[in-house]
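Participant: Attaching a predicted model along with its sequence, questions to come.
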Amino acid sequence: MILEVAILDVKEGHQNQFKHDFKIAETYICSINGYLGHSLKQCLERPNRYILLVDWKTLEAHEIGFRNSDAYLEWKHLLHHHYAPFPTVEHFKTIF
């Protein structure tokens, strides 16, 4: 299993619309083969910062399966305009 970690800095004043749009967008990511689950967490110290954690069966499920899909285009359309700067996305594997 691979954990995708994305730090999402949402533009000031966009938080409510971002949360609304994310509820719609999450239906697209859930439809991808190799998707295992996700959670979105809001930072207490900086309320416009979120962390998205997505479990994937493989790295390719995210990098190829999702990012080359029509679902990703919808995801991008709904969410990418909320970010400043664009998110850092990294992938992690379990050691212990």
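Facilitator: Cool, got the structure. What you are looking at is a predicted structure, and each value in this text was computed from that prediction instead of being measured. Residues are numbered from 1 along each chain as shown.
Participant: going forward, measure contacts between C-alpha atoms and count neighbours the same way
Facilitator: Noted.
Participant: Give me the contacts around the helix or strand where T27 lies.
Facilitator: In this structure, T27 is located in helix 15-29 according to DSSP states H and E. Contacts with helix 15-29, where a contact means Cα atoms under 8 Å, 6 or more residues apart in numbering, come from V10, Y35, N48, F66, A71, Y72, E74, W75, L78, L79, H82.
Participant: What is the distance between it and the centre of its chain?
Facilitator: 10 Å (Cα atoms, centre = their mean, to the nearest Å).
Participant: State the pLDDT value of the closest residue in space to Y83 that isn't next to it in sequence.
Facilitator: Take Y83 and drop its neighbours on the chain: the residue closest to it by Cα to Cα, 6 or more residues apart in numbering is V10, 4.6 Å away. On pLDDT, V10 comes in at 98.
Participant: For this structure, just list every one of the strands.
Facilitator: Shown for the chain, the strands assigned by DSSP state E span residues 2-9, 35-42, 49-56, 88-93.
Participant: Can you lay out the ones you listed as JSON lines showing mean neighbour count and distance to A25?
Facilitator: Formatted as JSON lines, the strands of the chain follow (neighbours: other Cα atoms under 10 Å; distance: least, Cα to Cα, whole Å):
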{"stretch": "strand 2-9", "mean neighbour count": "20", "distance to A25": "14"}
{"stretch": "strand 35-42", "mean neighbour count": "14", "distance to A25": "12"}
{"stretch": "strand 49-56", "mean neighbour count": "18", "distance to A25": "13"}
{"stretch": "strand 88-93", "mean neighbour count": "12", "distance to A25": "17"}
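Participant: Take those strands and lay them out in a markdown table including distance to N16.
Facilitator: Supplementary listing: the strands of the chain in a markdown table, determined by distance: least, Cα to Cα, whole Å:
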| stretch | distance to N16 |
| --- | --- |
| strand 2-9 | 13 |
| strand 35-42 | 12 |
| strand 49-56 | 12 |
| strand 88-93 | 21 |
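Participant: before we move on, back to that, what average pLDDT does the helix holding T27 get?
Facilitator: 97.
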